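# pasting the sequence and the predicted coordinates here, then a few questions.
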Amino acid sequence: MTTHIFKTDVIKTHPQHPARVTKITTPHGEITTPAFMPVGTRAVVNCMTPSDLSESGSQIILGGNTYHMLCTPGMEVIERAGGMHPFMNWHGPMLTDSGGFQVFSLSKNKKLCKITEDGARFRHPHSGKWIELTPQSSIEAQKIIGADIIMAFDQCTPEDQDKDSVYKIMQRTHRWLDISKAHHCRHPHSAYGAPQALFGIIQGGFFRDLREESAHYINSAELDGIGIGGESIGFDMEKTLTILEWLRPLLPDNKARYTMGVGLSPQNLIDVVKAGVDMFDCVAPTRNARHGALYCGKITPTDDNWINFESDEDRGRILIKKSIYANDHQPIMEDCDCSTCNHYTRAYLHHLFKENSAAYSRLACIHNIHVMHSVCTAMRTCIL
């Protein structure tokens, strides 16, 4: 480990927009934002090795979701491995999440998960045993996971809730934050002795007064960073950008800002960074890749001294299964310098996809993740 300090330093803010470059220092190294985090929900970024991630430009990953790690392989296995870093063989910065989003997803089926004021009870997907996930147990599990950045346990706000329900979810999230913070302050280090940064999560749905109230509450907790959560974030980009416009004046400059679940397309990253966000994660780049949707476009300057991801393709991606690519000997994306585009053609990837080859998924994921990082590099260059 190179350092035992977590801090966020603002390097430069764009002269016309809230976009900024920050340096985030963690026990496993520094991150220069804007930074996209590939998601390793089940202790692996699908179809990619740690070397693939590094070569594609990854500075930080989301490694090992708390809910999934509790289910399998279990905390005992991770602790014996010395934490998620050696278990995954990823030795750079890592963020893990609290399990709150999985609780939100599972709670749609009351037979699988029940949310109470104290936390959530869910059935183990294999044994069927009930498992308790509370603010304390979530933080304790994240100590064993050993990530550099851990999240306070929260309840993700569904997109379709009325204001009274959203208010109750927000209040519960705030109570859980207080418990999470108290437990973290008593045990500020991972199970392996490294300090961990704790982020809180702003909820409040699509109600401006609730979002602002939640922002004030999270800020008052004096945490290391600010997460902006809820189902609408990343799921509905128009609402996401409106929420960021409400929140931006309330976000402290010296805290990392993290929009949870943003990254369905490269343009989504560009839009939230322009609104002042530093970090983001999404499963979409690797999921899209595996299902044949490969990012394709060009990073171009705009009249207001910013950038766009311009593409002639629908939603900025090609569908490699289409027969038009069977004899197309171009790389996936012009000017892309990922290892896939440097060595393979659309025709070859079309062939691999049609053959259901495992090699296809790896090459496709490398490309999509590299494009997300290339967009982040272009934004840093623009700001600096």
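Right, received. Where do you want to start?
# and the nearest residue to T345 once chain neighbours are set aside, how close does it get to K12?
Closest residue to T345 apart from its sequence neighbours, by Cβ to Cβ, 6 or more residues apart in numbering: H329 at 4.6 Å. (Glycine included, C-beta is placed from N, CA and C.) Going from H329 to K12 by Cβ to Cβ, to the nearest Å gives 42 Å.
# run a quick neighbour tally on the closest residue in space to L133 that isn't next to it in sequence.
Spatial nearest neighbour of L133, excluding adjacent residues (Cβ to Cβ, 6+ apart): A120 at 4.9 Å. The local packing of A120 (other Cβ atoms under 10 Å) involves 24 other residues.
# where do the helices sit along the stretch 1-150 of the chain?
Here the stretch 1-150 of the chain has its helices, by DSSP state H, counting those that start in this stretch, at 50-56, 66-71, 75-81, 84-88, 100-106, 135-145.
# who's in contact with the last one?
This points to helix 135-145. Contacts to helix 135-145, defined as Cβ atoms under 8 Å, 6 or more residues apart in numbering, come from residues 63-64, 66, 69-70, 75, 78-79, 83-84, 96, 98-100, 119, 150-153, 176-177, 179-180, 183-184, 187, 189-191, 196.
# rerun at 6 Å
Contact with helix 135-145 is made by 64, 66, 70, 75, 78-79, 84, 96, 98-99, 150, 153, 176, 179-180, 183-184, 190-191, as judged by Cβ atoms under 6 Å, 6 or more residues apart in numbering.
# where does the prediction get shaky in the stretch 201-350 of the chain?
Applying pLDDT under 70 to the stretch 201-350 of the chain flags no residue at all.
# ok, for the residue nearest to the spatial centre of the chain, nearest residue in space, not its chain neighbours?
Nearest to the geometric centre of the chain sits D281, at 2.0 Å (Cα atoms, centre = their mean). In space, D281 comes closest to M37 once its chain neighbours are excluded; the distance is 4.0 Å by Cβ to Cβ, 6+ apart.
# next: T66.
What sits nearest to T66 in space, not counting adjacent residues and going by Cβ to Cβ, 6+ apart, is G99, at 3.9 Å.
# roughly how far apart are that neighbour and H126?
Distance of G99 to H126, given as Cβ to Cβ: 17 Å.
# same deal with F199?
From F199 to H126 the distance is 30 Å (Cβ to Cβ).
# also S323?
In terms of Cβ to Cβ, S323 sits 41 Å off from H126.
# just so I have it, where are all the helices in the stretch 151-300 of the chain?
Under DSSP H, counting those that start in this stretch, the stretch 151-300 of the chain gives helices at 163-186, 208-220, 232-235, 237-247, 266-274, 284-290.
# could you dump the ones you listed to TSV with mean neighbour count and distance to L133?
Shown next, in TSV, are these (neighbours: other Cβ atoms under 10 Å; distance: least, Cβ to Cβ, whole Å):
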stretch	mean neighbour count	distance to L133
helix 163-186	18	11
helix 208-220	18	21
helix 232-235	20	21
helix 237-247	18	26
helix 266-274	24	29
helix 284-290	22	25
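# quick one: which of the ones you listed is nearest V21?
Ranking those by their distance to V21 (criterion: Cβ to Cβ) puts helix 266-274 first, at 9.6 Å.
# helices and strands around the closest one, which ones?
On a contact count with 3 or more Cβ pairs under 6 Å, 6 or more residues apart in numbering; DSSP states H and E, helix 266-274 meets helix 358-383.
# mind doing that once more with 8 Å?
helix 237-247, strand 279-281, strand 307-310, helix 358-383 (3 or more Cβ pairs under 8 Å, 6 or more residues apart in numbering; DSSP states H and E).
# nearest spatial neighbour of Y167, skipping sequence neighbours?
Leaving aside its chain neighbours, Y167 sits nearest to L210 (6.1 Å; criterion: Cβ to Cβ, 6+ apart).
# got it, and Q155?
Once flanking residues are discounted, Q155 sits nearest to I169: 4.9 Å by Cβ to Cβ, 6+ apart.
# contacts only, for the one you found.
155, 157, 161, 203, 205.
# look up how far N356 lies from it.
For I169, the distance to N356 - Cβ to Cβ - is 42 Å.
# my read: W306 touches Q267, true?
No. With contact defined as Cβ atoms under 8 Å, W306 does not reach Q267; the gap is 11.6 Å.
# now Y258. Nearest residue, chain neighbours left out?
That would be M279: by Cβ to Cβ, 6+ apart, it lies 4.3 Å from Y258.
# and the one you found, how many neighbours?
Neighbour count for M279, taken as other Cβ under 10 Å: 29.
# in the sheet, who's paired with it?
Beta-bridge pairing of M279, defined through DSSP bridges, involves A35, Y258.
# tell me the spacing between it and Q203.
Where Q203 is concerned, M279 sits at a distance of 18 Å (Cβ to Cβ).
# tell me if the residue nearest to T345 really is in a strand.
No. Using DSSP: H, G, I helix; E, B strand; the rest coil, the secondary structure at H329 is coil, not a strand.
# which residues touch it?
Contact analysis of H329 by Cβ under 8 Å, 6+ apart lists 345-347.
# perfect, I'm done here.
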